[in-house]
Each structure stands twice: as structure tokens, then as C-alpha cells.
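J.: Build me a structure from this.
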Amino acid sequence: MKLPAPLWIQLQGAVNARDLGGMPAEDGLVVRPCRLIRSGTLQTLTPADVRLLVDDYDVRAVADLRSPVEVAAEGPGPLTREPRVRIESFSLFRVSEIVVGDGVAPGGSAGAGAGAGAASGGGAAGAAPIVLPWQERDGTDKKWPGPLAVYRNYLRDRPDSVVAALRLIARSDGATIVHCAAGKDRTGVVVALALDEAGVAREAIVADYARSGECLDAILAGLAASPTYANDVGLRPANAHLPRAETMRALLAGLDRDHGGTGGWLRAHGWSDDDGAALRAKLFA
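T.: Numbering: from 1, shown residues only. Purely as a prediction, here's the structure:
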């Protein structure tokens with residue numbers, strides 16, 4: 001199969017942004033441009049970036065996969081001031097991983113005196129906070145080893161967020177941006193499930209997931225420059241952050257094995273055939 005060239009979106013204030021138009025489905029259809037966009041954090045978009053996304057790419061909805069802690073620490077992003085864009089937050093971390101009493105109030109709002117990046121539990125008193133709770137999770141599951149354990153936890157802990165994010169893609173007008181901080185792990189999983197449910201060829205889904213590695217240096221540099229993420233980025237060597245094709249292949253194979261496929265997992269968590277039809281219409285019609 002000849003895979004489409006990635007449709008990178010050149011933004012001054014964000015990296016790892018690309019339009020998924022052109023991705024091939026198994027039935028010969030292709031995803032239309034300006035329907036589904038993936039990206040790293042949108043926190044530092046410039047005014048020109050906002051106009052490009054809203055006016056040229058027809059962005060009308062954003063699925064923000066960051067946790068309430070990240071959102072509170074980073075503050076309102078530029079797209080929150082754009083009246084034509086609907087922004088919804090769908091954290092993939094369970095609520096119990098957000099510490100209450102260390103500057104973060106219930107519901108994720110920053111309390112008085114919160115430092116940037118007040119974060120999830122387990123850190124020693126006085127230690128730099130960990131914003132991304134996967135750093136402390138057990139990755140020893142034999143069926144879901146290594147990075148797959150992290151992705152399995154997204155699906156196990158927050159199926160509500162995954163289904164809601166896919167519904168936002170399916171039911172909103174114009175283009176929907178899916179993003180997290182780096183735009184490769186949380187975003188990679190949600191986008192992969194959306195594409196797989198819609199019938200996009202698995203080889204294309206895997207290739208798209210791995211493409212985030214092409215801008216890994218820029219992703220890590222941007223996160224390291226943010227007080228919210230600098231500590232997390234430094235906990236592992238750079239190559240440990242690389243999205244590998246075999247990881248996504250194994251994730252999709254695990255869904256086949258355990259749930260009869262992505263569609264089976266989604267429908268076990270409230271997704272309907274009407275949702276699936278709306279998603280296909282959004283991406284292909």
C-alpha cells in the first residue's frame with residue numbers, strides 16, 4: 001500500500017501538527033482534508049497560527065486530552081478566545097491521580113499558591129512534581145508490556161474520555177483538533193482508535209503514529225522549556241519517548257484479541273452504530 005505523505009501544518013507556536021486528510025480506508029475511500037487534525041500542545045499558538053487553523057483549516061472543535069492539572073498549570077490557551085471554536089477536555093488519567101491539597105482543587109482548578117505543574121501523587125515531599133501520572137504506573141502486565149501498559153491504562157481508566165473525544169470528532173462541524181502535550185501518546189491512541197473505527201487501513205494508522213518521531217527533538221525541546229513538563233521530560237532518555245510502529249501494531253492487535261477489535265471495545269463502553277456512522281461521514285463524506 002502506498003501511504004500518503006504527511007500533511008504537516010507549519011505553525012510558529014506548535015509542533016507535531018498534521019492534517020490526516022488523504023489517509024486510505026480499506027474500502028478505497030480516503031479521509032478528507034480539514035476533518036481531523038492532530039497536534040502537540042496548542043498553548044503557544046501565535047495570532048497567525050490561530051487564523052490559519054480557524055480560517056484555512058476550518059477548525060471548529062478541540063479535544064484536549066490533557067489533565068485538569070496540566071490545563072490549570074498552563075492557563076487559557078489562545079484558541080479559548082476564538083468564539084467559533086468549541087474546546088472540550090477529556091483527561092485520560094483517573095481522577096484519583098490528581099492530588100488534592102497540593103495546590104490543586106477538586107475538579108482540577110489551581111488553588112492559591114499552586115506551583116506550575118502541581119501534580120499527581122506519589123512524589124516525596126519537596127520533590128519536583130510529576131505532571132504525567134504514567135511515570136509511576138506499573139508496566140509489568142504480561143499481555144500489555146512496556147509502553148502498551150501505559151496505553152492500556154488510558155483505555156482501562158478513562159473509557160468515558162475516549163468515547164467522548166471520538167463523539168466530538170464525529171459530531172462537530174469542520175475540523176476537529178485532537179491534542180495533548182506532545183501529541184504522540186495520548187493523542188496517538190485516541191486518533192488511532194478513531195481511524196480504526198472508521199475503517200482506515202491499519203498500516204496507515206501505524207505509520208501515522210510513528211510519524212511523530214520525525215519531530216521528536218522539537219517536541220522534547222518545547223516540553224523542556226515549560227515549567228509544567230520540564231521535570232517529566234528529564235526523567236527518561238530522549239529515545240525512550242520515541243513512538244515506535246510496533247507499539248501501535250501491538251495495541252491494535254491487543255484490542256483484536258481481547259475485544260474483537262476497536263469497535264468491540266468502543267461498543268462495550270457506550271459507543272453506538274450511529275456514532276460509528278457519524279464518524280465515517282465526518283471523515284469521508
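
J.: the strands in the stretch 51-200 of the chain, which residues?
T.: Under the criterion DSSP state E, counting those that start in this stretch, strands of the stretch 51-200 of the chain are mapped to 59-64, 86-89, 175-179.

J.: what's the nearest residue to D157 if we skip its chain neighbours?
T.: Among residues not flanking D157 along the chain, R94 sits closest, at 4.2 Å (CB to CB, 6 or more residues apart in numbering). For glycine as for every other residue, the C-beta is placed from the backbone atoms N, C-alpha and C.

J.: next one: L79
T.: Excluding the flanking residues, the one nearest L79 by CB to CB, 6+ apart is V85, at 5.3 Å.

J.: Quick check: that neighbour touching G77?
T.: No. Counting by CB atoms under 8 Å, V85 sits too far from G77 to count as a contact (10.4 Å).

J.: sorry, back to before: winner for burial among the strands of the stretch 51-200 of the chain?
T.: Ranked by average neighbour count under the criterion mean count of other CB atoms under 10 Å, the strands of the stretch 51-200 of the chain are headed by strand 175-179 at a mean of 27.

J.: could you check the angle strand 59-64 makes with that strand?
T.: Per axes from the mean of the first three to the mean of the last three CA atoms, to 10 degrees, the angle that strand 175-179 makes with strand 59-64 is 20 degrees.

J.: could you give the mean pLDDT of strand 175-179?
T.: Averaged over strand 175-179, pLDDT sits at 98.

J.: Alpha carbons of that strand, as CSV, please.
T.: Taking C-alpha atoms only, strand 175-179 is exported to CSV below (Å, rounded to 0.1, in the frame of the first residue of the first chain):
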residue,chain,number,x,y,z
ALA,A,175,-12.2,20.1,11.5
THR,A,176,-11.5,18.7,15.0
ILE,A,177,-8.0,19.0,16.6
VAL,A,178,-7.0,16.3,19.0
HIS,A,179,-4.1,17.2,21.1
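
J.: just for this protein, where's the confidence low?
T.: Scanning the chain with the threshold set as pLDDT under 70 gives 1-6, 95-146.

J.: which helix is the longest one in it?
T.: Counting residues, the longest helix found in the chain (DSSP state H) is helix 245-259.

J.: Now do the contacts for A268.
T.: By CB atoms under 8 Å, 6 or more residues apart in numbering, A268 lies in contact with H259.

J.: Can you tell me how far it is from V163?
T.: Applying CB to CB, to the nearest Å, the value for A268 to V163 is 10 Å.

J.: Closest to the centroid, which residue in this protein?
T.: T187 (1.9 Å; CA atoms, centre = their mean).

J.: still on that earlier bit, need the strands of the stretch 51-200 of the chain in TSV (columns: distance to L36).
T.: Shown next, in TSV, are these (distance: least, CB to CB, whole Å):
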stretch	distance to L36
strand 59-64	10
strand 86-89	15
strand 175-179	6
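
J.: Can you show me the CA trace of stretch 212-219 as CSV?
T.: Only the C-alpha atoms of stretch 212-219 are listed here, as CSV (Å, rounded to 0.1, in the frame of the first residue of the first chain):
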residue,chain,number,x,y,z
SER,A,212,5.5,11.9,15.4
GLY,A,213,9.1,10.6,15.9
GLU,A,214,10.1,12.8,12.9
CYS,A,215,9.8,15.9,15.1
LEU,A,216,10.7,14.3,18.5
ASP,A,217,13.6,16.7,19.1
ALA,A,218,11.3,19.7,18.7
ILE,A,219,8.6,18.1,20.8
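
J.: Okay, buried residues for stretch 164-173 please.
T.: Neighbour-count burial for stretch 164-173, counted by 16 or more other CB atoms under 10 Å, picks out A165, L166, R167, L168, I169, A170, S172.

J.: same question, stretch 230-237
T.: For stretch 230-237, the neighbour count (16+ other CB under 10 Å) marks N231, D232, V233 as buried.

J.: closest to G276 among those?
T.: G276 lies nearest to D232 out of the buried residues of stretch 230-237, by CB to CB, at 34.9 Å.

J.: now for the helix or strand harbouring that closest one, which elements pack on it?
T.: Secondary structure from DSSP states H and E places D232 in helix 230-233. For helix 230-233, the packing partners by 3 or more CB pairs under 8 Å, 6 or more residues apart in numbering; DSSP states H and E come out as helix 216-224.

J.: Could you give the number of residues near the residue nearest to D157?
T.: R94 has 16 neighbours, counted by other CB atoms under 10 Å.
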